[in-house]
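Asks: for reference, the sequence and a predicted model appear below.
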Amino acid sequence: MFSQNKEDAASGFRMVATTMQGLSGILAQELLKLGARDIEEHNRAVSFFGDKGFMYKANLSLRTALRVLLPVETFEVHNEEDLYNGMKAIDWEQWLGVDDTLAVDCSLNTPLFNHTQYIAQKTKDAIVDRFRDKYGKRPSVDLSEPTLRINVHVYHETCTVSLDSSGDSLHKRGYRDLTGQAPLNETLAAGMVMLTGWDRRSPFMDPMCGSGTLLIEAALYANNIPPGIFREKFGFERWKDFDEDLWHTIHESQISRISSETQTIIGSDMSQHVVRKARENVKRAKVDDVVKVTVANFHDLEPPEKKGVMVINPPYGERMHKEDIEALYKSIGDTLKKKYSGWEAWLISSNMEALKKIGLRHSRRITLFNAALECKFLKFELYAGTKKIHKLENRGD
């Protein structure tokens, strides 16, 4: 059992960073660069070893993580009684007092239970019953800003209980106030940018930018700006053992690594109203010096002279006629072939039939989820002429 006291914080402990489908590899790379030890990839998660300072740094700096969890107990469950007794046996006094507040999140991958809210309620009951039995008083529930957010994961017959050091999901950066109809999750957007392998110096384009999330995440990534810099508070700041001096040191250290390089990051959208929202979000993220957003149709845009990377998140067709969405995707492919020779273009969509209308052969395909929609993230290498001719020219014969 990992207790969050000063001795353990000094020696280190195992943590788990959760993420979205398809992003575990990128998250593992991020953790390695940050200095994590003993990294292991899992399904939608990466486990690693670090100390309290690294926990602070991970929350502040990880772009593709949703939460940073500290497992504190694992036990077998076969029924509700096992769950209740296992929860009640945990030494919750390490982290909670009777005047504190708690919230419980739950995820299930088991035939034993099928209602996450019910399991969360049973967990809460066990914890408060323990305090009531021992002290005659109990912590209360606060779903928005609890002293301690608890994560319960039941996999088959194993229950893992973790402390959530993040509080709100890390995709809630704090810079986005104005969004369109279907805003892209910030963690997904950052993952998409990083999956492209963009060098952070060549031009980056999003010609259907919506609320500007891809552009902002590209700018934060390019300039090494910690994505958590805009958040008001993390969960660990409410913990009993929160070290304000250590947090200040970590925060200042990460801020000092921000780059002042200049990039060409361009976005556009056909709607003046949408562009206005995107510009406001860009300004809130303080990257308006490197991100430029214009009102334009993709087909009318002129690309920068220097070749770069483009990421497109077009409509998936939920609110469009089949003929219209397929015509849109065909026009995207035509424009890429006509104007963007030498570029790398990536496109995400859940509409498999419409993707066929692009008319280009993709060189890579990654499965991602945009909310509940299973999507394909496709890479198109845009050669002048056919790929075969390009290869023959490079052979020099």
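Replies: Sure thing, it's come through.
Asks: from the chain's centroid, how far away is the helix or strand harbouring R279?
Replies: According to DSSP states H and E, R279 maps onto helix 272-284. The offset between the C-alpha centroid of helix 272-284 and the centroid of the whole chain comes to 21 Å, using CA atoms, centre = their mean, to the nearest Å.
Asks: only the buried residues of the next helix or strand along the chain from it, if you could.
Replies: Along the chain past helix 272-284, the next helix or strand (assigned with DSSP H and E) turns out to be strand 291-295. Within strand 291-295, the residues that count as buried by 16 or more other CB atoms under 10 Å are V291, V293. Any C-beta I mention is one placed from the backbone N, CA and C, and that applies to glycine too.
Asks: and the next helix or strand past strand 291-295?
Replies: Remark: after strand 291-295, the chain's next helix or strand is strand 309-312, criterion DSSP H and E.
Asks: what helix or strand is the residue lying closest to E80 once chain neighbours are set aside on?
Replies: Once its chain neighbours are removed from consideration, E80 has its nearest residue in K122; the separation is 6.1 Å (CB to CB, 6 or more residues apart in numbering). Using DSSP H and E, K122 sits within helix 116-135.
Asks: list the helices and strands that helix packs on?
Replies: Other helices and strands packing on helix 116-135, by 3 or more CB pairs under 8 Å, 6 or more residues apart in numbering; DSSP states H and E, are helix 80-89, strand 101-109, strand 148-155.
Asks: any buried residues in that helix, and which?
Replies: By neighbour count, and taking 16+ other CB under 10 Å as the criterion, the buried residues in helix 116-135 are I119, A120, K122, T123, K124, A126, I127, V128, R130, F131.
Asks: the last one is in contact with S140, isn't it?
Replies: No: here F131 does not reach S140: they are 10.4 Å apart, not a contact under CB atoms under 8 Å.
Asks: nearest to M205, of the buried residues of helix 116-135?
Replies: Within these, distances to M205 taken as CB to CB reach their minimum at A120, with 43.0 Å.
Asks: from what I can see the closest one touches C106, true?
Replies: Yes: between A120 and C106 there is a contact under CB under 8 Å: 4.3 Å.
Asks: what is in contact with these two at once?
Replies: Shared contacts of A120 and C106 (CB atoms under 8 Å, 6 or more residues apart in numbering): V152.
Asks: run through the stretch 1-150 of the chain and note the low-pLDDT ranges.
Replies: Counting by pLDDT under 70, the low-confidence segments of the stretch 1-150 of the chain come to 1-11.
Asks: give me the beta-bridge partners of V309?
Replies: On the basis of DSSP bridges, V309 takes part in beta bridges with F204, E344.
Asks: hmm, back to that, ok, the residue nearest to E80 - contacts?
Replies: K122 makes contacts with E80, L83, Y84, M87, as judged by CB under 8 Å, 6+ apart.
Asks: if I look at the last one, how far off is S202?
Replies: Right, M87. Between M87 and S202 the computed distance is 52 Å (CB to CB, to the nearest Å).
Asks: who's more crowded, these two?
Replies: Shown here are M87 and S202; by other CB atoms under 10 Å, M87 has more neighbours (26 against 15).
Asks: which non-adjacent residue is nearest that one?
Replies: The shortest distance from M87 to any residue other than its chain neighbours is 3.6 Å, reached at A126 (CB to CB, 6+ apart).
Asks: for G167, same thing?
Replies: The shortest distance from G167 to any non-neighbouring residue, by CB to CB, 6+ apart, is to G235 (3.1 Å).
Asks: again with R284
Replies: Nearest residue to R284, sequence neighbours excluded (CB to CB, 6+ apart): Y175, at 4.7 Å.
Asks: also V287?
Replies: Using CB to CB, 6+ apart and skipping residues adjacent in sequence, the residue nearest V287 is A219, 3.8 Å away.
Asks: confidence score at the one you found?
Replies: For A219, the model assigns a pLDDT of 97.
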